Each structure stands twice: as C-alpha cells, then as structure tokens.
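Everything below, folded, please.
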Amino acid sequence: MSHLGKMESNRIWHEPEVVIYSGIITPGVCCSGQAYDLANRRWYQINVNSGVYDEEWMADTVENHISTYYHDSGKQTPFNVINATVNGSLKFDTKPDHAIARPIREKLQYYSEGKSAIPVTSFDRLVDKVSLGRAVDKCRWNDQDCAFKRIEFDCDIKAIDREIKSRERLLEVTDLHCLANEDANQIMEHRFNVIPILAVVVIEQDVNNEVMGILMPFGGPSLESLSVSGPNSTASTFSSEDLEITRGQLRDLARGVRELAQVGVVHGDINERNTLKKPHEVNAAEGYQEQNRLVLVDFGDVAPEYKSDAFALGELFIWCKERSSWGVSDLRKIEDAAQVLKENGDFDRALSVLDDEKDT
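Next up is the predicted model:
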C-alpha cells in the first residue's frame, strides 16, 4: 500500500496543514523536504537552493502555494514538487506519485469471517471525505455520517489492528454476534459507552482485503474540543456552558468503563480527546429522545505510563470538574468518585458515590 500522491476521489477540499517528515541536506548548497498535507492527504517535495534547513519555513511555503492555487483556480494543485530559491523565485514540477509519496510498507489484511466478524466495505464507497484531524476524516457511507480512521503510516497498523480486535472481543463475550449488525452496534454503544466499528475499510473487497482503516458512526465533538470552542470559553477561564455535561453523564460513562473491565477489555487511553459527547438522538418509531451520552473512541495504542482505565477515568473527572460550574453537591460527589477511582479502582463504590439516590 502507498499513499495517493494526487487528491483522493470523493474528497472535499480543506485548508492545507503541512508537516515536513524528512529532509536531505547538502551543507552550504541545498536541502529538500518530504512534505505531507495532513488535511488533504497528499504528499509534496520541496527543494531549496540553500544549505540552511528550516522545516517551519518549508512547511509554510508548501501550505501557501497549495492554498493560493486552490483559491485562484478552484482546483487541487497539478504539481507535487516545489523548487524554491533564497531570493524568492519558484518553479513547480510534477513527479510520479510513487516517487513523492511515503509508502506504507507493512500490510494488514482482514477477512469478515467467524461469529464476531465485523463487516467489510471498500474504500471507494466512502464519499464526501473531509479532514477532522490526523488520520481521521468525516465522510458519508450508506447515507449516514461516519468517521473514517485510516492507516496513514506504518506506525498506525498496530493501533488499527487493536481497534478491530477490541470490538471483536466485545462482540464475542456478549453474544452480540447473534444479533443483526445494527442491533449489536447499538447495544455495544449503550452497554460499554464505546463507539462501534461499522465496517473495516479495505482497498478492494474480495481481492486481497488489504485494510485502509476503520469506519465508525460520527460520534460528535470531543470534550477537549468543547472546552476550547464553548460559547463562553476563553484562554484562561471556563464555564458550565463549555462542556455542558452532568454528573449523571459522568456516572453513565463510569458504568460503561466498569462493563469493559468486567469483560476484560482495556481501553488504554481514556482522556478528554478520546471522550465524545454524542448529539441528542430522537427515535420517532420508538417514541423516545435520548440525551447526550459520553462515549469512548480510539482503542488503538495504550498510552505511555498508563496506569489503568479506572485511574484515567478519575483524572478525566477532575479535568471536567475544572472546566465546569456545578453545584456544591455535584462537585463533592465528582471529587470523591475521582479519588476512589484513582486510589483503588473500585467502580462500584464510585458509582454509588455518584448515585442520584444518595442526594440528601
């Protein structure tokens, strides 16, 4: 597998976000860099007739010319090579994609077999892809909004493989494989507060089933993004409107993480980035409206020096407390529950502390 040098089909333009991943320097003569546009998933090469290697300048130069060309023409750049000089002159060129793109040398294959198998879909069925961040796109699939987490570099393969196996484990231990896929995914989300995998995305289905990534329902904004973009947030202060979460939502999340522990599944990186606040769900047929729930994503890599899911959940409670304006009773309960989780990992006791029936 290798990255596409040209812009992917069925992709929506996004302002470029360029990172220089490797460089070659001939001291006193010239330098070059391998540049990747994270937002549009495309590789470039920049060559400079100077021996001074400046990654920030190189990244800014590539970004500026990608953006300028698009806004002038309404099209993706036809070039993938930028030759720059120290006096400001530029020359654009095009090389074969494989000569520019960094290849993914390792492979991950997946075949939808067995009782806990996840469905497979081909990459060309994902449309309207737009960047959400490093290796994650929002897209449409089967007429629903989804998040596509892709294998962008070799280092992503292990994480994607763990994501798949963790969901298979949940399907297996709870006998969800006996249900229709849609029902199983709904139960997984409600019982474990985990965003399910809708499908494993492969390059060509039924050919070699080489995995490109995983497809999940679009779960809403992360708590981290809400803390930054909340209507009343500033660089130094937060208010209850920033997160707009309740003690009941945190209790529900703790219950889900306890369920994960009971079936022997470790998330490995519970934090504000990997906790989403789902939008309201209305089910007219069933006659109910479900409030926002907190759900977990990213079962990829176990974070360095990670102590336990319980400890990390306690840390998340404290993080939420510092960015919210709850009443005295709620604050006390959340602080006490966080302490219980961090000190002895007792989910049952933490849930009891957070229980509404304990209010007096």
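
hey, let's count contacts and neighbours off CA atoms from now on
Noted.

Dig out what the nearest residue to Val48 once chain neighbours are set aside forms beta bridges with.
The shortest distance from Val48 to any non-neighbouring residue, by CA to CA, 6 or more residues apart in numbering, is to Ala84 (4.8 Å). With DSSP bridges applied, Ala84 shows beta-bridge pairing to Val48, Leu90.

quick one: Ala84 and Ala117, what's the gap?
51 Å (CA to CA, to the nearest Å).

cool, and Lys158?
In terms of CA to CA, Lys158 sits 18 Å off from Ala117.

For the two, work out which one has more neighbours and name it.
Between Lys158 and Ala117, counted using other CA atoms under 10 Å, Ala117 has the larger neighbour count: 21 against 13.

With adjacent residues omitted, what lies nearest to the more buried one?
Leaving aside its sequence neighbours, Ala117 sits nearest to Glu168 (CA to CA, 6+ apart; 6.4 Å).

Now do whichever helix or strand that neighbour is part of: which elements does it pack against?
Taking DSSP states H and E as the definition, one finds Glu168 inside helix 156-173. When contacts are defined as 3 or more CA pairs under 8 Å, 6 or more residues apart in numbering; DSSP states H and E, helix 156-173 sits against helix 181-192, strand 211-217.

Recalculate using a threshold of 10 Å.
Using 3 or more CA pairs under 10 Å, 6 or more residues apart in numbering; DSSP states H and E, the elements in contact with helix 156-173 are strand 144-150, helix 181-192, strand 199-202, strand 211-217.

and the last one, what other elements does it pack with?
It stands for strand 211-217. By 3+ CA pairs under 10 Å, 6+ apart, strand 211-217 packs against strand 120-122, strand 136-141, strand 144-150, helix 156-173, strand 199-202.

Repeat that for the third one.
Helices and strands touching strand 199-202, as assessed by 3+ CA pairs under 10 Å, 6+ apart, comprise strand 120-122, strand 144-150, helix 156-173, strand 211-217.

Those: lowest mean pLDDT?
Ranked by mean pLDDT, these bottom out at helix 156-173, which scores a mean of 91.

Can you tell me the element the closest residue to Ala337 other than its chain neighbours falls in?
Excluding its sequence neighbours, the residue lying closest to Ala337 (CA to CA, 6+ apart) is Ala350, at 4.6 Å. Here Ala350 sits within helix 347-354, counting by DSSP H and E.

what about dumping the CA coordinates of that helix to CSV?
Output in CSV follows, covering the C-alpha atoms of helix 347-354 (Å, rounded to 0.1, in the frame of the first residue of the first chain):
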residue,chain,number,x,y,z
PHE,A,347,-16.0,1.2,40.1
ASP,A,348,-19.0,0.0,42.3
ARG,A,349,-18.1,2.4,45.1
ALA,A,350,-17.5,5.3,42.6
LEU,A,351,-20.9,4.6,41.0
SER,A,352,-22.5,4.6,44.5
VAL,A,353,-20.9,8.0,45.3
LEU,A,354,-22.3,9.4,42.0
